[in-house]
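**Q** Sequence plus predicted model, see below.
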Amino acid sequence: MKASSRILLVEDNPDHRELTLMTLEENNVRNEIVVANDGIEALEYLFGTGRHEGRDPRDVPALVLLDLKLPKLGGIEVLRRIRDDERTRFVPVVILTSSSEEEDILASLKNGANSYVRKPVDFGLFVEQVRRLQVYWLLVHEPQLGG
């Protein structure tokens with residue numbers, strides 16, 4: 001398995017996607033950002049299938065930012081499939097969602113999310129949350145590589 005410095009952002013809401021990308025850029029995140037608009041596209045990217053046929057699935061992202069409320073395949077199922085595959089089992093997955101429902105938090109953690117971050121409604125708070133994610137997951141965290 002080859003760990004890249006790439007970030008996979010899985011977000012279907014165009015406003016949230018743009019806000020996240022803008023915030024990462026404003027906080028000098030230089031990592032390549034790959035965007036998946038739904039759960040199926042995220043899995044196709046990770047495992048080199050469908051519209052990402054031919055991509056090396058051993059080249060795993062450094063971080064996955066995963067929304068829960070996705071079309072086609074929800075975030076919890078995407079998380080399960082990430083954790084069930086030995087190639088992606090240890091990739092850090094941060095749930096970045098607007099849901100504060102206890103069942104979503106518990107399901108995320110139970111299925112192997114490394115962190116659960118609620119998207120604040122306030123723009124300034126959102127910028128600060130994404131900055132903290134970047135500092136911890138890309139600069140401080142020491143990945144455990146398996147496989």
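**A** Received the coordinates, thanks.
**Q** On the three-state scheme, the residue lying closest to G50 once chain neighbours are set aside is what?
**A** Nearest non-adjacent residue to G50, counting by C-beta to C-beta, 6 or more residues apart in numbering: E44, 3.6 Å away. Every residue, glycine included, has its C-beta placed from N, CA and C. Assigned by DSSP: H, G, I helix; E, B strand; the rest coil, the conformation of E44 is helix.
**Q** Surely E44 and P57 touch.
**A** No: using C-beta atoms under 8 Å, E44 is not in contact with P57, being 10.0 Å away.
**Q** so what sits against both of these two?
**A** With C-beta atoms under 8 Å, 6 or more residues apart in numbering applied, the contact sets of E44 and P57 do not overlap.
**Q** which residues of the protein score low on pLDDT?
**A** 1-4, 120-123, 126-127, 130-131, 133-147 (pLDDT under 70).
**Q** ranges for the strands of it?
**A** 2-3, 7-10, 33-36, 59-60, 63-66, 93-97, 115-118 (DSSP state E).
**Q** which stretches of this protein form helices?
**A** 14-26, 39-47, 75-84, 102-110, 123-134 (DSSP state H).
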